[in-house]
Structure formats: structure tokens, C-alpha cells
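# have a look at this prediction, sequence included:
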Amino acid sequence: MVRRVTLALIAGLCALFAGCGEQEKPQQDAALQNQAVYYTSVPDSGLRIAAWNLQWFPGKTPSGGSAEEQAAHVAAVISELKAIDVDIVLLQEIRDPAALQEIIKAIPEYSLDVVSDFRGNLEVAILSRAPAKATEGFMQAFEEGEEANPPRGFAYATVMLTEESVLAVYSVHLKSNSGGIEETTPKREESARQLIAHCNGLKERFEKEGKTFYAVIGGDFNSDPTSEKWAEDDTLSMIQDAGFRWTGQGVDRKELISWLTDGRYPDAVFDHMMVMAPEGYEVSQSSTHKTDRSVSDHRAVVLRFNGLR
């Protein structure tokens, strides 16, 4: 199921979450083709993109806690986003999408391009600012596969870099390891299959229009390629085999740790950026923003996207 969720619809999200009627029919390609286009003026320093799981935002717990706890969480996230200072933000684990408006009020240069509606499941969202303002934002729920039925889905947005090039960005939050790695891996791998198919569809369409295509999939993959525990989890390798490059390649593991231990489990490298780019494009290495665990149990992953033309 594909749904267009643009700024005109954001104001109605609270009503959607309170319970509503039938879902809209998919309207993916036609909507993308018929919009006024904002062309990005890419600075020489490149675009900066971050992916960050906010931990049950706002409130850091499934219930959200008290109003004071939610307000404190919102304020801490806003402070960190100002420090991270990126052009595109891929957010995960949104408990209450209405709270995203507090971020927009505090950092008005950002626009909320898309927030998912997975019907009570944790949401994902994308923010962007000039010069990287997204032309369109959409969401898509994962479908049941032959071997697994993954939760949630993804949000994606397109940024027209020039008349000849386009960047697609995806915000993802794949199945957690609750229930065991072996039992949950098929759900993450099925999510990867659907992400690859969707991105390849966009790539084919834009290349038919004569455009150079770039893509970034960022977020919480719940799979750690640096740990033997996930040796049988092919989620990231499937995406790499499809033509993406992992931006953590060659980075020391301690610099990649993005999930901070709660005392029950060790630190992990769960959050990633995967980049698809034309042959010969040099993909930069990502870094983690050293967020304190009092703000979120995840650190933001930050990527500088250079040389976009």
C-alpha cells in the first residue's frame, strides 16, 4: 500500500491516529510527475543527511510518560538536531507524530515532508530544509512476503538536485530482535527485498527521463554487520548486492556504535546509511553523533553527500 502524505495532510494526522475510515488508494507516480519542482543548489560542501531513532518520541517509553517527560524529550531532541545541523533528517520510532510540529516550530527552516501512518505502529518521518527541500514525500507499508510479514514500512522523498539529477531518500525502521535474532531475521530480509524493488523502480523511471539517480536508505536496521551474532542475517548484504554501498565500510567499530547498552545487551551497530550512486561516485564514510543516552538509546548517523551533480 502506497500513500502520499504531503504537508497539506500533516495537520490531519491526529485525526488519523484517533481512528478513521478507509485508506486512500495508492497514488505514487502520477503525484510525483505533476508537482512544481524545487531544484536544489548543492553547495560545494555537499548535502548533510542524518538518520536518527528518537526512542518512542516523545517520552522515551511506550506510554509516553508524563506531559513533563514528553516536553523534556522534545526539548532535548530539538537541541541535538540543532547541533547535528543537517539538510535532510530521517527519523524513526515516532510514537506521536503530532509532536514533530514542535520540532518545526523550534527549527522553522525544516519542513515535514512525510510522516508514515502504520496504524498504531511506530512511525518514520523525513524533514528537509533548503537547499535540499524535498519535492514530494510518500510512505509505503511493507507487504506480507512468502516467508515473512514484516512490520511497518518506509517513508521516502525525492529531492531534485538539478534538471538532470535526483536524490531519493528513505527512512526505515526494520523489525527489532525481540523474539530472537533467528526468528526475526526473515522479516528484516523481506523488508530489504521490498526496499530494493521500490528503489529500483524509481531508478528505472527517472533514468528513462534521462536523469542521474542517487538514493540513500537510512535508519534503524536492527542488524549489526560487525557482530557474529548477526552473521546469518543477510539484510545489509542483500542491499549491498543490489548496488548500494554501506557508509560504515572501513570505519572502526567503536565509531559506528549507534545503539547504546541498557545493561541487558551490549552496544550495537544497528543504524546505517546505504547509498546508491552512479559508477565512479565516491561514497563518503558516515559518522555517529555522540548523543547522550538520556536523549535517545540511539545515536544519529550522519553522512556528508559530496559531489552531487
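That came through, no problem. Residues are numbered from 1 along each chain as shown.

# neighbouring strands for the helix or strand harbouring residue 54, and are they parallel or not?
Using DSSP states H and E, residue 54 sits in strand 47-57. If you go by DSSP bridges, strand 47-57 pairs up with strand 88-94 (parallel), strand 300-305 (antiparallel).

# out of those strands, which is the most enclosed?
Highest mean neighbour count of those: strand 88-94, a mean of 27 (counted as mean count of other C-beta atoms under 10 Å). All C-beta spots, glycine's among them, are computed from the backbone N, C-alpha and C.

# buried set for the following helix or strand past that strand?
Moving toward the C-terminus from strand 88-94, the next helix or strand (DSSP H and E) is helix 100-106. Residues of helix 100-106 classed as buried: 100, 102-103 (neighbour count, 16 or more other C-beta atoms under 10 Å).

# so residue 116 makes contact with residue 152?
Yes: using C-beta atoms under 8 Å, residue 116 is in contact with residue 152, at 7.3 Å.

# which of the two has more neighbours?
residue 116 (28 against 22; other C-beta atoms under 10 Å).

# pLDDT wise, what is the nearest residue to the more buried one once chain neighbours are set aside at?
Leaving aside its chain neighbours, residue 116 sits nearest to residue 139 (4.2 Å; criterion: C-beta to C-beta, 6 or more residues apart in numbering). On pLDDT, residue 139 comes in at 96.

# same thing with residue 119?
Per-residue pLDDT puts residue 119 at 82.

# one more: residue 21?
Residue 21 carries a pLDDT value of 35.

# tell me which of the buried residues of helix 100-106 is nearest to residue 46?
Of all the buried residues of helix 100-106, residue 46 sits closest to residue 103, with 23.4 Å by C-beta to C-beta.

# isn't the closest one right up against residue 81?
Yes: when contacts are counted by C-beta under 8 Å, residue 103 is listed as touching residue 81 (6.7 Å).

# low-scoring stretches of this structure, by residue?
Within the chain, the stretches with pLDDT under 70 are 1-45, 307-309.

# biggest helix in it by residues?
Ranked by residue count, the top helix of the chain under DSSP state H comes out as helix 181-208.

# picking up where we left off before, list residues touching both of residue 116 and residue 152?
Listed contacts common to residue 116 and residue 152 are 124, 141; contacts here mean C-beta atoms under 8 Å, 6 or more residues apart in numbering.

# okay, strands next: where are they in the stretch 201-309 of the chain?
Shown for the stretch 201-309 of the chain, the strands assigned by DSSP state E, counting those that start in this stretch span residues 212-220, 245-246, 271-276, 287-289, 300-305.

# indicate which one of those is closest to residue 182.
Nearest of these to residue 182, taken as C-beta to C-beta: strand 212-220 at 19.5 Å.

# what helices and strands are in contact with the closest one?
Secondary-structure packing of strand 212-220 (3 or more C-beta pairs under 8 Å, 6 or more residues apart in numbering; DSSP states H and E): strand 47-57, strand 88-94, strand 165-173, helix 181-208, strand 271-276, strand 300-305.

# and that strand with strand 47-57, angle?
30 degrees (axes from the mean of the first three to the mean of the last three C-alpha atoms, to 10 degrees).

# paired strands for strand 212-220, with orientation please.
Here, using DSSP bridges, strand 212-220 pairs with strand 165-173 (parallel), strand 271-276 (antiparallel).

# could I get those as TSV with distance to residue 156 and mean neighbour count?
Putting the strands paired with strand 212-220 into TSV (distance: least, C-beta to C-beta, whole Å; neighbours: other C-beta atoms under 10 Å) gives the following:
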stretch	distance to residue 156	mean neighbour count
strand 165-173	5	25
strand 271-276	13	26
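
# turn those into TSV, including distance to residue 259.
Output for the strands paired with strand 212-220, formatted as TSV (distance: least, C-beta to C-beta, whole Å):
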stretch	distance to residue 259
strand 165-173	13
strand 271-276	7
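
# nearest to residue 179 among those would be which one?
Taking the strands paired with strand 212-220 one by one with C-beta to C-beta, strand 165-173 is closest: 16.0 Å.

# next one: that closest one to chain centre, how far?
Taking C-alpha atoms, centre = their mean, to the nearest Å, one finds strand 165-173 lying 8 Å from the centre of the chain it belongs to.
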